[in-house]
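Colleague: Next comes the sequence, and after it the predicted model I'd like to discuss.
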Amino acid sequence: MRKPMPYEQRGITSSRLAFGCMKLSGGPKALPISEETILQTERAIDAALEAGITMFDHADAYAKGQAEAVFGEALRRRPQLREQITIQTKCGYRVEEGKAKQYDFSSPHIVAAVDRSLKRLGVERLDVLLLHRPDPLMEPEDIAEAFDQLRIAGKVAHFGVSNVGAEQMRFLQRYLPVPLVVNQLDLSLGKLDWLDSGILMNRTIAKTVRFPEGTLEYCRAENIQLQAWGSLAQGRFSGRVMENVTEAERQTTELVGRMASEKETTPESIILGWLMKHPARIQPVTGTLNPERILACADAARQAELMTRDEWYALYQSSRGEVIP
């Protein structure tokens, strides 16, 4: 029997997948809002809802704020959607003309960033706010002040982090007035350091693996939702044409395809199902705007339930390109 995700236990969302909004409004191009970008956003939202996805992941840095703004325009056209979905965004990643790129977890910046996100999205409250990557200059008391202010004002319901290791989370949590409920990390069949770091302990090769030790275990022990950005591995195992493909990638693509065919499902659902099979109850964040690819993810939760241990390890070993120790 499937265990509920930590998000489900907290009553935040039952959506097994989250829709990543980074590519809305042109992504890095930061296209101005137009009828075309609004319609593209609406098509993506509709496909996500059809696939059973009701959680939408934003960041104020996505498309320089335009991703939130175009999503907000879609909400304004269909205000009934707000009650059907969970909105998560991030702040703290600053890219400004004439200044060095930086992270900013100061209280004034966090509070002001939330106000700007609320305005762009056209909503009164964020369901979840994440700190977007660690800030070397962060003062935990300052973050606590911002979180407390936003919570009391009713502007943010829950808080979390992105790309943060266990020790940093433990350090932060000592000062915060509320529990961290999520950590969003780069996890996929194509990026395996989160798994390799656990099986390569006490081996010389472990020195080349870069993943904060104990992060998965800490999140599991503290009932913190693990989210996976990059969860579809940029399409490398599900049909994307790529140059300089390794033998491991080629074989893994073939294995994913065979499994999808045998199980009468899609490669995307196999790839995400593999991730969701892990007992950490990972919630993948998908990043495609293609409605067909969004719908191709709809069977992922079922495939996670059906996937055998042998199948899971076959995919893991194939992607590694070598047997485990």
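Modeller: All right, it came through fine.
Colleague: C-alpha from now on. contacts and neighbour counts both.
Modeller: Noted.
Colleague: ranges for the strands of the stretch 151-300 of the chain?
Modeller: Assigned by DSSP state E, counting those that start in this stretch, the stretch 151-300 of the chain shows strands spanning 156-162, 180-186, 225-229, 283-286.
Colleague: Out of these, which one sits most buried?
Modeller: Mean neighbour count (mean count of other C-alpha atoms under 10 Å) peaks for strand 283-286 among the strands of the stretch 151-300 of the chain, with a mean of 27.
Colleague: For it, the averaged confidence score.
Modeller: Across strand 283-286, pLDDT averages out at 98.
Colleague: That one: partners in the sheet, and parallel or antiparallel?
Modeller: Take DSSP bridges as the rule and strand 283-286 pairs in its sheet with strand 18-20 (parallel), strand 225-229 (parallel).
Colleague: Pipe the ones you listed into a markdown table and attach distance to Tyr93 and mean pLDDT per row.
Modeller: Converted to a markdown table, the strands paired with strand 283-286 look like this (distance: least, C-alpha to C-alpha, whole Å; pLDDT from 0 to 100):
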| stretch | distance to Tyr93 | mean pLDDT |
| --- | --- | --- |
| strand 18-20 | 17 | 98 |
| strand 225-229 | 16 | 98 |
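Colleague: Can I get those in a markdown table including distance to Val70?
Modeller: Converted to a markdown table, the strands paired with strand 283-286 look like this (distance: least, C-alpha to C-alpha, whole Å):
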| stretch | distance to Val70 |
| --- | --- |
| strand 18-20 | 14 |
| strand 225-229 | 21 |
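Colleague: And the ones you listed: which comes nearest Ala300?
Modeller: Nearest of the strands paired with strand 283-286 to Ala300, taken as C-alpha to C-alpha: strand 18-20 at 12.0 Å.
Colleague: Quick check: Asp127 vs Gly160, distance?
Modeller: From Asp127 over to Gly160 the distance is 11 Å, taken as C-alpha to C-alpha, to the nearest Å.
Colleague: And Leu255, by the same measure?
Modeller: On the measure of C-alpha to C-alpha, Leu255 and Gly160 end up 35 Å apart.
Colleague: same deal with Asp57?
Modeller: Asp57 is 12 Å from Gly160, where distance means C-alpha to C-alpha.
Colleague: anything in contact with each of these two?
Modeller: Counting by C-alpha atoms under 8 Å, 6 or more residues apart in numbering, Asp57 and Gly160 have no shared contacts at all.
Colleague: wait, which of the strands paired with strand 283-286 is closest to Met276?
Modeller: For the strands paired with strand 283-286, proximity to Met276 was assessed by C-alpha to C-alpha; strand 225-229 is nearest, at 9.7 Å.
Colleague: relative to strand 180-186, how tilted is that closest one?
Modeller: With axes from the mean of the first three to the mean of the last three C-alpha atoms, to 10 degrees applied, the angle from strand 225-229 to strand 180-186 works out at 30 degrees.
Colleague: Other residues contacting strand 225-229?
Modeller: Taking C-alpha under 8 Å, 6+ apart as the rule, strand 225-229 contacts 5-7, 20, 181-188, 216, 219, 280-287.
Colleague: and what of stretch 120-139?
Modeller: 12, 59, 65, 68-73, 75-76, 86-93, 103-106, 118, 154-164, 182.
Colleague: try 7 Å
Modeller: The contact list for stretch 120-139, computed with C-alpha atoms under 7 Å, 6 or more residues apart in numbering, reads 68-69, 71-72, 86-93, 103-106, 118, 154-164.
Colleague: Next: stretch 95-115.
Modeller: Cys91, Gly92, Tyr93, Arg94, Asp135, Met138, Asp142, Ile143, Glu145, Ala146, Leu150.
Colleague: who does the third one bridge with?
Modeller: Which is Tyr93. Bridge pairing for Tyr93 - DSSP bridges - gives Tyr103.
Colleague: ok, now how distant is it from Ile53?
Modeller: Tyr93 sits 26 Å away from Ile53, going by C-alpha to C-alpha.
Colleague: looking at the strands paired with strand 283-286, which is closest to Ser319?
Modeller: strand 225-229 (17.2 Å).
Colleague: From the chain's centroid, how far away is the closest one?
Modeller: Here the centre of strand 225-229 is set off from its chain's centre by 5 Å, with C-alpha atoms, centre = their mean, to the nearest Å.
Colleague: At which residues are the helices of the stretch 51-200 of the chain located?
Modeller: For the stretch 51-200 of the chain, applying DSSP state H, counting those that start in this stretch gives helices covering 66-77, 107-121, 140-152, 166-173, 193-199.
Colleague: Go through those and find the least confident stretch.
Modeller: Across these, helix 193-199 gives the lowest mean pLDDT, at a mean of 91.
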